[in-house]
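Need coordinates for the below:
(chains A and B)
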Amino acid sequence: MTFGNRSSNVTGTKADYYRKRRLNVLFIIAFTVLAVASFFITIGFGTYHISLFDSLQVFIDHLTGNIRDETADLYIWEYRVPRALGAILVGCSLSIAGVIMQNDFRNPLAEPYTMGISSGAFMGAILSIVFGISLIPFLSGIWGMVGNSFLFSLLPVAIIVVIGRFKKMTPGLMILTGIAILFMFSSITQIIMVTAPAETMADAYAWRVGSLDRIRWDHLPVIAPLVIALCILLWFFYKRLNVMYAGDKPSQTMGVEAQKTRMVTLVLASLLTATTVSFTGTIGFIGLVGPHVARIFVGSDNRYLIPAAAAFGSAFIILADTVAKVSGPDGLPVGVISSMVGGPLFIWILVRQRKSAWM
Amino acid sequence: MHLKIDGIDFSYTSTPVLHDVSLELEGPRFVSILGPNGVGKSTLIHCINKILTPTKGTVFIDGKDVKETTIKDLAKEVGYVPYSANDTFPLSVVDTVLMGRHPHSKWKSLDSDLDLVYETLKRLGIEHLAMRSFSELSAGQHQKVMLARGLVQEPKILLLDEPTSNLDVRHQLDVTKMLKSLAYDKNMLVIMISHDINIAAKYADEIIMLNDGTIYAVGTPQEVITEDNLRVVYGVKSKIIDDDGAPHVILKDAIPMNEDIRRADDVEVGKQQEVEAGP
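Numbers count the residues shown, from 1 in each chain, chains lettered A, B, ... in the order given. Down below sits the predicted model:
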């Protein structure tokens, strides 16, 4: 960045602008460092007791191919590392999907599940848990369930896209349609659960709350490429999303077709959410709060907001999951902890912040 | 640049708004659109920049039908400053104004774009707001920021929807005067919707007066701002005095709402005019 070669009367103020940008980059780096540090902390926690330092040693030993403690290696490498990587991907995807939804709907209350994605995913999972149905042929067991919930979670946005072909959908109309679909799905799910055998209830309930303990190594080759590709793809919409802050009509006069951009990013964000939700169940809260916390630090410029939200979301989910793992004799689902710890934390941030970053 | 509106009609579902509006304008020129509430001023502007599509008729910019022009290409030609801001998630003032560069943006254009943004903020006297958040500003400051956004877009035609409605008198005069000089400095066609007849009369090269969805009168301020026209179009009794060559309106009284303002002998005045304007 060089800005000493321009007319001197404007450089002073332009320097302020560049300074703010560099500060934003620093925030993103800080959140990323926090996420990486959280990764090394979380692999030290779980039902198998090992010190933080030893767990790090085991991790390094495995990477260098010099495994000294087989048991520790099994726990850390087979369970904790994929779980921590899963946490990073979940945090990234839900936070970025939250940013996109809030932008698209011009609404600070929007979050990844606003369109009924979670209710769709749950219904898909229930079909598999209760009836053992797999909609995608050749898939069974856990993969059948994942496939079901992935397909069902995309139904609400598919319905909205189809309606949008016949009728002009305003953001408000889309949210209302999403909520209507959400209620429809929940009622169908309720009927299934009422009539379902009692022994399947525990599984259904466990899915509902959202947990990372189902993440295994063989899931990551599916989740990771999808999440990474979609996140990068969505980031490239940052300019258009920024212009859309001005409203649909003004943004059109600045060369951005708001409704088209909205539909495309909405579908991408739904795919992103569906990818992780179908493996973990509904982990709430982070998709709403991740974007807002990031907004407080870097502002609403999507160039910085999207990566900042992703980094903060990852760190938050890893830390929440670390607490979840050591809570109670067998650990708790991360969804419970993220809301229980995150709720008061978020209120504290809202009260403490000097000026409103939104509304 | 050359703007030709060829017989456009516009209706919102069942309510007709514009009827057979034809107009030809050529810049550099500062044009003001006058007319009472709900007469179709904003609708006319929105038909020019493709926010609305006329139900009948065509709009040509430099001989090209806007229907055939892509949104992005049109954004390079036609800028728009809306009446009010409703940004949900506020950016800084600089980032908000930078949006205007979007249709021109290239990979490495930030630095020169920033120069233009800061120059424009300075020109409008709001460079001290540069790093403030858009949401913290007053209504008048919002208007200036949106004006800056329209200016950095460097369009050939700039459309403004009551750009000075929230400004105090000094800034109203200053902004309107600036818009006029801008038209000639940057070789633009500036078209502004206005509710302030006197400011329009003082600065506009040309005034378009709308009534009932049609063009009631077009011409220089002297030609259009007359006691008769104001009575028919606005329903007010007024006295026009001469202020160094520009008409100046002194409002006397409103014609009661239940009285028909359009008496039989006025009809002839309403005959539509079409104007070929040159620099």
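
Name all residues that make contact with residue B:59.
Residue B:59 is in contact with B:3, B:4, B:5, B:6, B:8, B:47, B:48, B:65, B:66, counting by CB atoms under 8 Å, 6 or more residues apart in numbering or on different chains. Where C-beta positions appear, they are placed from N, C-alpha and C, glycine not excepted.

got these as a markdown table, with distance to chain A, pLDDT and neighbour count columns?
Below are the contacts of residue B:59 laid out as a markdown table (distance: CB to the nearest CB, whole Å; pLDDT from 0 to 100; neighbours: other CB atoms under 10 Å in any protein chain shown):
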| residue | distance to chain A | pLDDT | neighbour count |
| --- | --- | --- | --- |
| B:3 | 15 | 94 | 24 |
| B:4 | 19 | 94 | 16 |
| B:5 | 17 | 93 | 21 |
| B:6 | 21 | 92 | 16 |
| B:8 | 18 | 92 | 23 |
| B:47 | 13 | 94 | 25 |
| B:48 | 10 | 94 | 23 |
| B:65 | 17 | 93 | 12 |
| B:66 | 12 | 92 | 20 |
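
for chain B, what are the nearby residues on the stretch 101-250 of chain A?
A:102-103, A:106-108, A:239-240, A:242-243, A:245-247, A:249-250 (CB under 8 Å from any CB of the partner chain).

Which one (most neighbours) among those?
Using other CB atoms under 10 Å in any protein chain shown as the neighbour criterion, residue A:103 leads those with 30 neighbours.

Run through the residues that contact that one.
So residue A:103 contacts A:241, A:244, A:245, A:265, A:302, B:89 (CB under 8 Å, 6+ apart).

Now for the residues you listed: which two are most distant?
Of all pairs drawn from the contacts of residue A:103, the widest gap by CB to CB lies between A:265 and B:89 and measures 14.7 Å.

re earlier: filter the residues of the stretch 101-250 of chain A next to chain B down to the ones in helices?
Among these, the ones falling in helices (DSSP state H) are A:102, A:103, A:239, A:240, A:242, A:243, A:249, A:250.

What residues does the fifth one make contact with?
Residue A:242 is in contact with A:301, A:302, A:303, B:91, B:95, B:99, counting by CB under 8 Å, 6+ apart.

Pretty sure residue B:4 sits in a helix.
No. Under DSSP: H, G, I helix; E, B strand; the rest coil, residue B:4 sits outside any helix and is assigned strand.

quick one, longest helix in chain A?
Assigned via DSSP H, chain A shows its longest helix as helix A:8-42.

that older thread, which two among the ones in helices among the residues of the stretch 101-250 of chain A next to chain B are spaced furthest apart?
Greatest spatial distance in those: A:102 and A:249, 19.9 Å, computed using CB to CB.

Next, find the distance separating residue B:95 from residue B:89.
Computed with CB to CB, to the nearest Å, the distance linking residue B:95 and residue B:89 is 11 Å.

which one of these two has more residues nearby?
The neighbour count for residue B:95 versus residue B:89, taken as other CB under 10 Å, is higher for residue B:89 (26 against 23).

just checking, what packs against the lengthiest helix in chain B?
The longest helix of chain B (DSSP H) is helix B:169-185. On a contact count with 3 or more CB pairs under 8 Å, 6 or more residues apart in numbering or on different chains; DSSP states H and E, helix B:169-185 meets strand B:29-34, helix B:139-152, strand B:157-161, strand B:189-193, helix B:197-203.

can you dump the C-alpha coordinates of the helix or strand following the first one into CSV?
Tracing the chain C-terminally past strand B:29-34 and defining elements by DSSP states H and E, one meets helix B:41-48 next. As requested, the backbone C-alpha atoms of helix B:41-48 are provided in CSV (Å, rounded to 0.1, in the frame of the first residue of the first chain):
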residue,chain,number,x,y,z
LYS,B,41,-42.3,12.6,-10.8
SER,B,42,-40.4,9.7,-9.2
THR,B,43,-42.1,7.2,-11.5
LEU,B,44,-40.8,9.2,-14.5
ILE,B,45,-37.3,9.1,-13.1
HIS,B,46,-37.6,5.4,-12.4
CYS,B,47,-38.6,4.7,-15.9
ILE,B,48,-35.4,6.4,-17.1
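
Give me the angle between helix B:41-48 and strand B:189-193.
Comparing the axes of helix B:41-48 and strand B:189-193 via axes from the mean of the first three to the mean of the last three CA atoms, to 10 degrees yields an angle of 150 degrees.

Return the residues in contact with residue 197.
Chain wasn't specified; assuming chain A. Counted by CB under 8 Å, 6+ apart, residue A:197 has contacts residue A:130.

actually it's chain B I care about, not the one you picked
When contacts are counted by CB under 8 Å, 6+ apart, residue B:197 touches B:34, B:225, B:230, B:249.

Leaving out sequence neighbours, find the closest residue to residue A:203.
residue A:129 (4.9 Å; CB to CB, 6 or more residues apart in numbering or on different chains).

where does that neighbour sit relative to chain B, distance-wise?
Noted for residue A:129: a distance of 39 Å to chain B, by CB to the nearest CB, to the nearest Å.

For burial, what's the neighbour tally of that residue?
Close neighbours of residue A:129, defined as other CB under 10 Å, add up to 25.
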